[in-house]
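Enquirer: Sequence first, then the predicted structure:
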Amino acid sequence: MKDWTSIQSFDRLHQAELCRNILEQNDIASVIINEKDSLFLIGAIELYVQNKDSKKAEAMLHEFKGLTKINSFISLAPIENLYQILLTENIEAQIIRKEDNKYILDNYELYVKNEDLDKSIPFLKGDKLHSWTQLETCQRVSQTKFRVDILTENEIETIVIKKKDSEFHLEEVRIYVEKEQEQKAQKILKQLNGWIEISQFSKFYWAHIREDLLKRNNIQAIIRKEGEVYLLYVEADKEELSIDLINKNKEWIKIATFENFFEADFFKTILEESEIDAVVINDKDSSFLLGETNLFVVERMVEKATILINEYTETKEIEE
């Protein structure tokens, strides 16, 4: 790879992904080259950066050497509460704030020393959060944030813990509250005072698409599952505007599937520059933004959007 250099080798893919995540959050482009033979498990997993970024990247990874990120969230308080619990158990932890992060919402990250990782796991599972109880789970960080904000407004402390699968994709986000506050918290999230239901959907991603549409118009939306139905709520004073926006954009069509979020987001930007609303949907909302990702547009814009994507792809192939 011309103009690129390997800055670190790894035995495990997830170790390389963790480092790439750190670099991406600090605006350093990086690529993982996996040369490990899947049958014999020999070879290397290399992390590459552009030559001009190599010194900065090495310094950045050195800062995190000996540490493992165990959790992260947009708001400080839920991370701070878990941090204080770990300290009382003699687990040395560190909170690091990340700013100006374009793709990932996690601004506050919680790290522990590598040697304390095993001791931290029971807390991440909730097994040792003795005075706390799991209140609710969410599929997206944004949905967790809305709920945490509502609880905070009602003076209820929270802990937010992310559960990852074996490939480090986000499976769910768990919200914990103190046991003595559980009934009050349940009542608040059930009533959602000041919020009103405007739509119902049979699939989460359809609610997700509308949530994204509303967010781009500065309207917050809460998705709540009841039985097999996903309900979409907005603040009461935004009801009329929200319904109008949804009615004007009723039919969304998947026009392309990409290997990762960044590629999908790139084409989303191209479409939006041509005044075509587009939504990126990843069924597994990943803190690393990995995995198959779909791009949706409004039905009336399918033909125009497809032409733009094909024209760009063909031009790129000719240039290469």
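Expert: Everything's here; your move.
Enquirer: does residue 69 really touch residue 110, like I thought?
Expert: Yes - at 7.0 Å, residue 69 and residue 110 qualify as touching, with contact defined as Cβ atoms under 8 Å. C-beta here means a position set from N, CA and C on the backbone, and glycine is covered the same way.
Enquirer: of those two, who's got more company?
Expert: residue 110 (24 against 17; other Cβ atoms under 10 Å).
Enquirer: What ranges does the protein have for its helices?
Expert: In the chain, the segments counted as helices under DSSP state H are 13-25, 54-63, 76-88, 117-124, 141-153, 182-191, 204-215, 239-248, 261-273, 302-319.
Enquirer: Turn those into JSON lines, columns for mean pLDDT, distance to residue 34 and mean neighbour count.
Expert: Formatted as JSON lines, the helices of the chain follow (pLDDT from 0 to 100; distance: least, Cβ to Cβ, whole Å; neighbours: other Cβ atoms under 10 Å):
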{"stretch": "helix 13-25", "mean pLDDT": "78", "distance to residue 34": "6", "mean neighbour count": "18"}
{"stretch": "helix 54-63", "mean pLDDT": "80", "distance to residue 34": "18", "mean neighbour count": "14"}
{"stretch": "helix 76-88", "mean pLDDT": "96", "distance to residue 34": "32", "mean neighbour count": "17"}
{"stretch": "helix 117-124", "mean pLDDT": "91", "distance to residue 34": "24", "mean neighbour count": "16"}
{"stretch": "helix 141-153", "mean pLDDT": "93", "distance to residue 34": "28", "mean neighbour count": "19"}
{"stretch": "helix 182-191", "mean pLDDT": "96", "distance to residue 34": "43", "mean neighbour count": "14"}
{"stretch": "helix 204-215", "mean pLDDT": "85", "distance to residue 34": "29", "mean neighbour count": "20"}
{"stretch": "helix 239-248", "mean pLDDT": "90", "distance to residue 34": "43", "mean neighbour count": "14"}
{"stretch": "helix 261-273", "mean pLDDT": "81", "distance to residue 34": "18", "mean neighbour count": "16"}
{"stretch": "helix 302-319", "mean pLDDT": "75", "distance to residue 34": "24", "mean neighbour count": "12"}
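Enquirer: Can you tell me which of these is nearest to residue 226?
Expert: When those are compared by Cβ to Cβ, helix 182-191 sits nearest residue 226, at 10.0 Å.
Enquirer: Please parse this protein into its domains.
Expert: 4-63, 67-189, 192-250, 251-320 (automatic domain parsing).
Enquirer: quick one: terminal-to-terminal distance for the shortest one?
Expert: This points to domain 192-250. Start and end residues of domain 192-250 are separated by 26 Å (Cα to Cα, to the nearest Å).
Enquirer: ok now that domain, how far from the chain's centre?
Expert: Centroid separation between domain 192-250 and its chain, computed with Cα atoms, centre = their mean, to the nearest Å, is 20 Å.
Enquirer: swap in the last one?
Expert: A distance of 18 Å separates the centroid of the chain from that of domain 251-320, by Cα atoms, centre = their mean.
Enquirer: Which strand residues bridge the nearest residue to residue 15 once chain neighbours are set aside?
Expert: In this structure, residue 15 finds its nearest non-sequential neighbour in residue 45, 7.7 Å apart by Cβ to Cβ, 6 or more residues apart in numbering. Per DSSP bridges, residues listed as beta-bridge partners of residue 45: residue 10, residue 34.
Enquirer: Please enumerate residues in contact with stretch 72-90?
Expert: 71, 93, 95, 97, 105-110, 112, 119-120, 123, 128-129, 141, 144-145, 148-149, 152, 157-162, 287 (Cβ atoms under 8 Å, 6 or more residues apart in numbering).
Enquirer: run the last query once more with 6 Å
Expert: 93, 95, 105-110, 145, 148, 157-160 (Cβ atoms under 6 Å, 6 or more residues apart in numbering).
Enquirer: What distance do you get for residue 196 to residue 233?
Expert: Separation of residue 196 from residue 233 (Cβ to Cβ, to the nearest Å): 6 Å.
Enquirer: Kindly report the same for residue 249.
Expert: 18 Å.
Enquirer: Same question for residue 268.
Expert: In terms of Cβ to Cβ, residue 268 sits 25 Å off from residue 233.
Enquirer: any idea of the pLDDT on residue 36?
Expert: The model reports residue 36 with a pLDDT of 49.
Enquirer: which other residues reach stretch 149-166?
Expert: By Cβ under 6 Å, 6+ apart, stretch 149-166 touches 71, 73, 78, 81-82, 124, 144, 148, 170-177, 181, 185, 188.
Enquirer: can you rerun that using 7 Å?
Expert: Stretch 149-166 is touched from outside by 71, 73, 77-78, 81-82, 124, 126, 129, 132, 144, 148, 170-178, 181, 184-185, 188-189, 287, with contacts defined as Cβ atoms under 7 Å, 6 or more residues apart in numbering.
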